[in-house]
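Participant: Coordinates for the following, if possible.
(one chain, ligands or ions: 1)
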Amino acid sequence: MVSMADFWEESLTEEEGYLLQPFTTNLDRSVFGLVNLPEVVKGALFSRYSRSDKSLRRILLDEFIKAPEASFAGIAGHFTNNNADQLVAIQQAEAFYDRVLIGYGDDSVAELGGAHIACEGISNIAAKVIEDSRLGLSPLEKSTRYVPFNRKVNGRYRYYRESSIMASSHSSRYEATLDYLFDTYTALIDPLLSWVISRTPKDPTTSERAYNNATKAKTLDLLRGLLPMATLTNVGLFGNGRAFEYLLVKLAATPHQEVRTLGISMQQELDQIIPSFVKRAKTERGAKAAQYLQTNCKRTELLAQKLLGQIQPVSTSTVQLVDYDPQAEVKVIAAILYPHTDLTFDQIKEYVTSLSTTERVEIINTYVGERESRFHRPGRAFEETYYTFDLLADIGAYRDLHRHRVLTQERQHYSVRHGYIVPIEIEEANLQEQMRKALDYAAETTELIGKDLPDAAEYVVPFAYRIRWRIKLNLREAYHLVELRSSRQGHPSYRIIAQEMYRQINAVHPALAANMHFVDLNDYALERLAAEQRMETKLKQHHQNQPPSA
Ligand SMILES: Cc1cc2nc3c(=O)[nH]c(=O)nc-3n(C[C@H](O)[C@H](O)[C@H](O)COP(=O)(O)OP(=O)(O)OC[C@H]3O[C@@H](n4cnc5c(N)ncnc54)[C@H](O)[C@@H]3O)c2cc1C
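Facilitator: Prediction:
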């Protein structure tokens with residue numbers, strides 16, 4: 001049998017092995033990892049793949065380690081040492097590797113190195129702008145479900161004091177409103193937790209830990225509507241250089257001062273990790289790209305206001321399927337058959353058109369097969385058709401669904417125009433009056449500040465207020481989204497949306513939706529409980545597998 005290794009060779013001298021050993025995870029196998037190298041170096045190294053017949057280890061040796069102009073000893077020697085040395089090493093690396101990048105690289109080289117960046121104490125306005133990015137960035141954000149947001153620092157709640165508001169006559173009203181929201185949030189935690197506990201008492205089989213976590217999560221879920229967009233959060237990001245560069249351009253183009261300043265801070269830090277990959281964001285070219293985005297957005301906004309400003313919005317249901325393809329079934333089935341024939345797509349479509357419903361269903365079912373869990377996902381043929389939904393739901397739900405990166409999503413402004421949602425449980429616990437008062441006061445403040453500072457006024461809007469946004473997604477992502485987001489541990493506000501999206505897709509394309517077996521259409525009192533119980537079992541197993549401590 002011919003193996004991969006038959007066509008692979010790596011002949012290294014003993015000295016070469018010694019030189020390479022700190023930088024690769026092995027010296028004698030065809031699959032290996034790179035370690036202890038600056039990201040820019042790794043990117044530059046891979047960029048040579050496209051123009052060289054050499055192995056990566058050979059390129060590293062000949063063109064980097066042994067090339068005098070690379071000053072590699074300085075770079076790598078420092079890189080394994082302390083932080084200050086690493087910065088020197090990266091700076092040294094930059095000049096040489098920029099030449100490599102200019103010589104051999106294109107934009108995609110900047111995708112070959114990445115960075116982890118933490119953004120702490122940023123508002124939810126800023127967090128959502130970061131998370132608008134899709135390709136190449138993976139964010140994680142502090143949870144409103146697991147973390148109470150009422151801790152004070154130096155006697156002050158942690159929300160963003162927006163500079164233009166704080167410099168205006170609205171400053172005290174702004175702080176009074178946000179303090180009121182956070183005070184109400186704080187005051188309702190204990191009574192609501194007691195109500196949750198009384199409504200869903202612990203059964204003897206549930207552990208104390210699982211029950212406490214589930215009831216606390218439920219309480220915080222119900223109260224998150226009081227948190228304003230100014231609420232400070234932490235976002236951790238892993239991304240590649242290219243995605244970061246584009247993100248920096250986008251941050252520079254936003255109307256919010258906070259977000260633009262955040263972009264500058266992020267650039268400073270990325271300059272220390274992947275300088276070559278993000279440097280264009282701060283050049284004339286980057287500034288022009290930001291200007292381009294900003295100008296077009298502003299002009300389009302003015303045009304939209306001129307054209308549509310007099311029309312009153314109609315009230316709609318939360319989930320509206322506004323566009324889908326009547327030909328979807330034929331196209332998806334043709335896409336299923338396509339890779340297995342040598343016919344044209346049109347020929348296959350013509351054939352599929354002539355099939356009976358039973359024959360079509362057989363093809364779909366064969367393709368999807370036996371799905372044992374939601375992780376068994378249908379393939380790319382399901383990307384052949386798209387659905388557009390117009391959604392109107394509370395900002396809390398928006399924040400959760402916004403994170404699906406495969407979708408096309410665009411929101412309207414954060415505003416108080418569409419009213420707010422008070423969870424039914426808050427009413428049942430008889431705590432709605434306090435919540436409503438704080439939310440109503442926030443609406444008055446938003447309108448007041450909005451007259452002078454419309455962009456800044458968005459910071460006041462609490463998550464309970466509704467926002468309208470548009471999503472366009474293909475059938476494959478629809479499977480992922482509705483099954484994940486309807487699952488029991490999800491927040492009720494987006495579970496309802498996911499369930500409704502399923503119903504509406506199923507109504508127009510029953511054969512295509514038929515394999516969405518893991519949509520959960522039930523309603524649960526304590527969403528987190530089952531997940532916490534599973535966690536409990538895992539923890540127990542983990543403890544059992546631990547060696548006894550010394
Ligand atoms: C109950 C629940 C609680 C959550 N709590 C939190 C929380 O507290 N904090 C938090 O930050 N997040 C939380 N999340 C996760 C977060 O909201 C996810 O970003 C969201 O679920 C969308 O991401 P996704 O990866 O599932 O799917 P999508 O972004 O829709 O992508 C679809 C699929 O494509 C693939 N994919 C997409 N992009 C990439 C990529 N860059 N790299 C590799 N694969 C990719 C993955 O297979 C992914 O599942 C929670 C999710 C759930 C369901």
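
Participant: which sections of this protein are below the confidence cut-off?
Facilitator: Within the chain, the stretches with pLDDT under 70 are 1-6, 69-70, 74-89, 91-93, 96-97, 99-106, 526-529, 533-550.

Participant: 50 instead, please
Facilitator: Applying pLDDT under 50 to the chain flags the ranges 2, 548-550.

Participant: can you list the residues of it near the ligand?
Facilitator: Within the chain, the residues that sit near the ligand (C-beta under 6 Å from any ligand atom) are 138, 140-141, 143, 400, 403-406, 480, 484, 489-490. C-beta here means a position set from N, CA and C on the backbone, and glycine is covered the same way.

Participant: does V461 really touch Q412, like I thought?
Facilitator: No. Contact criterion C-beta atoms under 8 Å: V461 and Q412 do not qualify, at 11.8 Å.

Participant: Between these two, which is the more surrounded one?
Facilitator: More neighbours surround V461 than the other of V461 and Q412, with 27 against 13 (other C-beta atoms under 10 Å).

Participant: for that one, what are its contacts?
Facilitator: P228, M229, I395, Y414, S415, V416, A442, T446 (C-beta atoms under 8 Å, 6 or more residues apart in numbering).

Participant: can you give me phi and psi for whichever residue of the stretch 1-150 of the chain sits closest to the ligand?
Facilitator: Residue nearest to the ligand within the stretch 1-150 of the chain: S143 (2.9 Å; C-beta to the nearest ligand atom). The phi/psi pair for S143 (degrees, to the nearest 10) reads phi -90, psi 140.

Participant: What's the separation between it and Y441?
Facilitator: 26 Å (C-beta to C-beta, to the nearest Å).

Participant: repeat for L247
Facilitator: 35 Å.

Participant: ok, the two, which is more surrounded?
Facilitator: Between L247 and Y441, counted using other C-beta under 10 Å, L247 has the larger neighbour count: 25 against 17.

Participant: My guess is that one contacts S133. True?
Facilitator: Yes. If you go by C-beta under 8 Å, L247 and S133 touch, sitting 5.2 Å apart.

Participant: show me what contacts the residue nearest the centre of the chain?
Facilitator: The chain has R403 as the residue nearest its centroid, 3.9 Å off, counting by C-alpha atoms, centre = their mean. Going by C-beta under 8 Å, 6+ apart, R403 touches E131, P139.

Participant: repeat for G113
Facilitator: P38, E39, V40, K42, G43, N240, G241, I274, F277.

Participant: which other helices and strands contact whichever strand or helix holds the last one?
Facilitator: Of the helices and strands defined by DSSP states H and E, F277 is found in helix 275-278. Helices and strands touching helix 275-278, by 3 or more C-beta pairs under 8 Å, 6 or more residues apart in numbering; DSSP states H and E, are helix 39-47, helix 83-104, helix 241-252, helix 257-273.

Participant: for this protein, what spans make up the strands?
Facilitator: Under the criterion DSSP state E, strands of the chain are mapped to 114-123, 137-141, 152-153, 156-157, 232-240, 319-324, 386-394, 408-411, 466-474.

Participant: Quick one, which of the ones you listed gets closest to L220.
Facilitator: Of all those, strand 232-240 sits nearest to L220, with 13.7 Å by C-beta to C-beta.

Participant: ok now the closest one, how far from the chain's centre?
Facilitator: Distance of strand 232-240 from the chain centroid (C-alpha atoms, centre = their mean, to the nearest Å) equals 9 Å.

Participant: one step back: sitting in helices, which of the contacts of V461 do you find?
Facilitator: Among the contacts of V461, DSSP state H puts I395, A442, T446 in helices.

Participant: just these now: which is nearest the ligand?
Facilitator: I395 (14.5 Å).

Participant: Skip the chain neighbours and tell me the closest residue to the closest one.
Facilitator: Using C-beta to C-beta, 6 or more residues apart in numbering and skipping the chain neighbours, the partner closest in space to I395 is F463 (4.4 Å).

Participant: Could you check how far S207 is from S198?
Facilitator: From S207 to S198 the distance is 19 Å (C-beta to C-beta).

Participant: Looking at the two, which has the bigger crowd around it?
Facilitator: A direct count of neighbours by other C-beta under 10 Å for S207 and S198 places S207 higher, at 16 against 9.

Participant: Can you give me the distance of that one to K152?
Facilitator: From S207 to K152 the distance is 32 Å (C-beta to C-beta).

Participant: ditto for R29
Facilitator: Distance from R29 to K152, by C-beta to C-beta: 55 Å.

Participant: Please work out how many residues are found near the nearest residue to L232 once chain neighbours are set aside.
Facilitator: Once flanking residues are discounted, L232 sits nearest to R158: 4.4 Å by C-beta to C-beta, 6+ apart. R158: 15 surrounding residues under other C-beta under 10 Å.

Participant: roughly how far out does stretch 319-328 sit from the chain middle?
Facilitator: 25 Å.

Participant: Show me the contact partners of it.
Facilitator: So stretch 319-328 is in contact with 331, 384-391, 472, 475, 497, 500-501, 504-505, 508-509, 512, going by C-beta under 8 Å, 6+ apart.
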